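In: model this:
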Amino acid sequence: MSRVLTNNTALSYAIESALGTLPGSPIWHELEPNSIGQFGATIATVARSPISKNRQRRKGTVTDLDSAVDFEGDLTLAHFTDFAEGFCFSVAVNQDLNFVGGDGTGTGYTVAALVTAQTAKLHFNATGNTSLIFARGYALAANNGLNPLDTQPVDTDTEITTANAVAETAPTNATVDIAGIRAEEGDLDITVAAGVATITSGNNTPTATVDFTTLGLTVGQQVHIGGLAAGQQFTGSLGYGRITSIAAAQLVLDKIDATLITAAGTTDTVDILFGRFIRNVPTDSAEFLERSYHIEQSFPDLDSVGTDMYEYAKGNLVDSIAITMPLADKATVAIGFVGTDTEVPSVTRKTNAEAALAPSRTGAFNTTSDCLRLRIAELDESGIYTDFKSVTVTLANNVSPEKVLCQLGAKYMNFGNFEVTVEAQMVFSDVGVSSAVRNNTTIGMDFGLKNDDGALWIDIPAMTLGGGGRDFPVNESVLINSTGEAFADPTLNTSIGISLFPIVP
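Out: Residues are numbered from 1 along each chain as shown. Next up, the predicted model:
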């Protein structure tokens, strides 16, 4: 008799074309769970219990089915970005500048024919204003890394060109991403006052001027001012900031690093690094997206003759995601789905499932050396707390199945309000948190994590704190516990903003 060992199973997913339906040629992606809490259908039956001298139940009938999947894994950029659009119900800004599996041509990378929306955000100028792209996952080292474009892409082009590229058949999980813009010597200045940085363009010739409105940037997005080397940075001024306004010749940032200071860029070539940006949007926004997933669980040697079998949960919406940052450990992520149905395990596999792409950005974030920033601050940027013992950020979509007569399982899926909750334990060294709880003060929270795979920056622009109870561990610091509830920021109208960087210093 065969048996299935947990370590021999595998989990993968594909994006559906409609609720519960795969496209004709789906692309499957492998997952790397540490544990799987639930997979499959829960069947409800109702037994017959007639009044009878037999004093026994009669055979009942199947009346209901609930389908759900949840798993926990290390927080990696692969795990996070796989479902970021799904849990925010939003298309990522600059998602159209993420290219997968393009062959190295010797002069660049093969892509699907470009359209106006893409070419409008890609720039090449021999003396400045040149887009930066970052390639990852290629076998040949020359095809990986950060490089500027060396020709201007136009509509219908099927190649993005850079000077570094060599001919190579791309691994299936190789990627090319937008990574920023490079302004040549003297084109940008930075002025910093009262915690706000203003980047000014137009100091050079008109052909080299950076037009910030053409880069695909969005208010609320995090950017990094300065490139990987001193030759792509303002002299003495380098760091992160959040965009508050975008004009053709001016970019204004708040939530800036203290290392961003006023600098005249008359002799400086400067990179502005950025990538994709995701935030929750209203249902009538052009960026609103209701994304559903097919999820495969494989069972090697399931039946008595050792045949591999496969089970498919379908029509899954992301119900919740929880990012946990414990003390001196790896950060983890737990993702829960609610779906319409789960099929009975079968030897028949879905199209392309055997060719699932292996994840390429699998470095786990740790909670010691990978932190770029972790703080709670008032709206005037006065820091309240930066000394945390643990943090958990939970995003919930309140997904529920809609059932109808004459169908087992759900026919539709409903989603409720988007909720962001923060649970934090901090060292009790100031009354700031206690005062914020009592006064119902509007505060913000942001944290950034970075490793060799890139950077993840999460901004919660507006929330209030509750709780405030203390713990008194012997021979340690007094601790304070608090729960934050995010709400729609009055200016941004979002509860969360997520900035993804392919590469940062």
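In: for stretch 138-147, C-alpha coordinates in CSV please.
Out: Taking C-alpha atoms only, stretch 138-147 is exported to CSV below (Å, rounded to 0.1, in the frame of the first residue of the first chain):
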residue,chain,number,x,y,z
TYR,A,138,20.1,34.4,-16.6
ALA,A,139,22.8,31.8,-16.8
LEU,A,140,25.4,34.1,-18.4
ALA,A,141,26.6,36.8,-15.9
ALA,A,142,26.7,39.5,-18.6
ASN,A,143,23.0,39.3,-19.0
ASN,A,144,22.3,40.0,-15.3
GLY,A,145,22.4,43.2,-13.3
LEU,A,146,21.6,46.9,-13.7
ASN,A,147,22.1,48.7,-17.0
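In: so how far is that stretch from its chain's centroid?
Out: With C-alpha atoms, centre = their mean, to the nearest Å as the basis, stretch 138-147 stands 23 Å off its chain's centre.
In: flag every buried residue along that stretch.
Out: Buried residues in stretch 138-147, counted by 16 or more other C-beta atoms under 10 Å: 138, 143, 144, 145, 146, 147. C-beta: built from backbone N, CA, C; applies to glycine.
In: okay if I get those residues as CSV plus secondary structure?
Out: Listed next are these as CSV, based on DSSP: H, G, I helix; E, B strand; the rest coil:
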residue, secondary structure
138, coil
143, helix
144, coil
145, strand
146, strand
147, strand
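In: closest one of the residues you listed to residue 489?
Out: Using C-beta to C-beta, residue 146 comes nearest to residue 489 of the buried residues of stretch 138-147, at 32.1 Å.
In: so what's that closest one bridging to?
Out: On the basis of DSSP bridges, residue 146 is bridged to residue 134.
In: which other residues reach the lengthiest helix in the chain?
Out: The helix spanning the most residues in the chain, taking DSSP state H as the definition, is helix 77-88. Helix 77-88 has contacts (C-beta atoms under 8 Å, 6 or more residues apart in numbering) with 13, 29, 31-32, 73, 91-92, 95, 276, 278-281, 289, 291-293, 317-318, 320-321, 333, 335, 359-363, 395, 397, 418, 453-454, 456, 496, 498, 500.
In: and those, which of them are buried?
Out: 13, 29, 31-32, 73, 91-92, 95, 276, 278-281, 289, 291-293, 317-318, 320-321, 333, 335, 359-361, 395, 397, 418, 453-454, 456, 496, 498, 500.
In: still on that earlier bit, what's downstream of the longest helix of the chain, the next helix or strand?
Out: Following helix 77-88 in sequence order, the next helix or strand is strand 98-100 (DSSP states H and E).
In: which residues touch that next one?
Out: Residues outside strand 98-100 that contact it (C-beta under 8 Å, 6+ apart): 109, 111, 112, 160, 172, 173, 174, 175, 176, 177, 178, 276.
In: mind listing what residue 387 touches?
Out: By C-beta under 8 Å, 6+ apart, the residues touching residue 387 are 426, 427, 429.
In: any of the residues you listed buried? List them.
Out: residue 426.
In: what's the closest of the contacts of residue 387 to residue 438?
Out: Nearest to residue 438 among the contacts of residue 387, with distances taken as C-beta to C-beta, is residue 426, at 16.0 Å.
In: any idea how far the closest one is from residue 447?
Out: Per C-beta to C-beta, to the nearest Å, residue 426 is found 13 Å from residue 447.
In: do the same with residue 504
Out: From residue 504 across to residue 447, the span is 14 Å (C-beta to C-beta).
In: could you do residue 70 as well?
Out: Separation of residue 70 from residue 447 (C-beta to C-beta) stands at 24 Å.
In: now do the helices in the stretch 351-500 of the chain.
Out: For the stretch 351-500 of the chain, the helices defined by DSSP state H, counting those that start in this stretch cover 432-439.
In: under the pLDDT cut-off, which ranges of it? List them.
Out: Scanning the stretch 351-500 of the chain for pLDDT under 70 picks out 379-385.
In: and the helix or strand where residue 277 lies, how far out from the chain middle?
Out: Element membership for residue 277, per DSSP H and E: strand 276-279. Centroid separation for strand 276-279 versus its chain: 7 Å, with C-alpha atoms, centre = their mean.
In: mind exporting the C-alpha coordinates of it to PDB?
Out: Output of strand 276-279 as PDB, limited to C-alpha atoms (Å, rounded to 0.1, in the frame of the first residue of the first chain):
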ATOM      1  CA  ARG A 276       6.500  48.500  -9.200                       C
ATOM      2  CA  PHE A 277       4.000  50.000  -6.900                       C
ATOM      3  CA  ILE A 278       0.800  48.500  -5.500                       C
ATOM      4  CA  ARG A 279      -1.900  50.000  -3.300                       C
END
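In: got the contact list for the next helix-or-strand element following it?
Out: Per DSSP H and E, the first helix or strand lying C-terminal to strand 276-279 is strand 293-299. Where contact means C-beta under 8 Å, 6+ apart, the residues beyond strand 293-299 that reach it are 4, 9-16, 22, 26, 28, 36, 39-40, 69, 83, 86, 308-314, 316-318, 337, 339, 345, 349-350, 353, 356.
In: about what we covered before: what sits up against the strand holding residue 277?
Out: Defining contact as C-beta under 8 Å, 6+ apart, one finds that strand 276-279 is touched by 81, 84-85, 88, 90, 92-95, 97-98, 177-178, 218, 220-222, 492, 494, 496-500.
In: phi, psi for the residue in the chain sticking out farthest from the centre please.
Out: For the chain, the largest distance from the centre (C-alpha atoms, centre = their mean) belongs to residue 53, which lies 62.4 Å off. Main-chain torsions, residue 53, degrees, to the nearest 10: phi -70, psi -10.
In: from residue 59, how far out is it?
Out: Note on residue 53: its distance to residue 59, by C-beta to C-beta, is 18 Å.
In: next up, the contacts around the residue nearest to residue 109 when sequence neighbours are not counted.
Out: The spatially closest residue to residue 109, leaving aside those adjacent along the chain, is residue 102, at 4.1 Å (C-beta to C-beta, 6 or more residues apart in numbering). By C-beta under 8 Å, 6+ apart, the contact list for residue 102 reads 109, 110, 111, 160, 170, 174, 176.
In: give me that answer again for 7 Å
Out: Listed by C-beta atoms under 7 Å, 6 or more residues apart in numbering, the contact set of residue 102 reads 109, 110, 111, 170, 176.
In: within the helices and strands, which one has it?
Out: Assessed by DSSP H and E, residue 102 sits outside every helix and strand.
In: now the end-to-end length of stretch 261-277.
Out: Counting by C-alpha to C-alpha, to the nearest Å, you get 25 Å between the two ends of stretch 261-277.
In: my bad, stretch 90-98
Out: Distance across stretch 90-98, first residue to last, is 16 Å (C-alpha to C-alpha).
In: residue 146 touches residue 179, doesn't it?
Out: Yes: with contacts counted by C-beta atoms under 7 Å, residue 146 reaches residue 179, the gap being 5.9 Å.
In: which residue comes closest to residue 71 once chain neighbours are left out?
Out: Of all residues not flanking residue 71 in the chain, residue 33 sits nearest, at 4.0 Å (C-beta to C-beta, 6+ apart).
In: beta partners for the closest residue to residue 143 other than its chain neighbours?
Out: Nearest residue to residue 143 in three dimensions, chain neighbours excluded: residue 104, at 4.6 Å (C-beta to C-beta, 6+ apart). Beta-bridge partners recorded for residue 104 (DSSP bridges): residue 109, residue 168.
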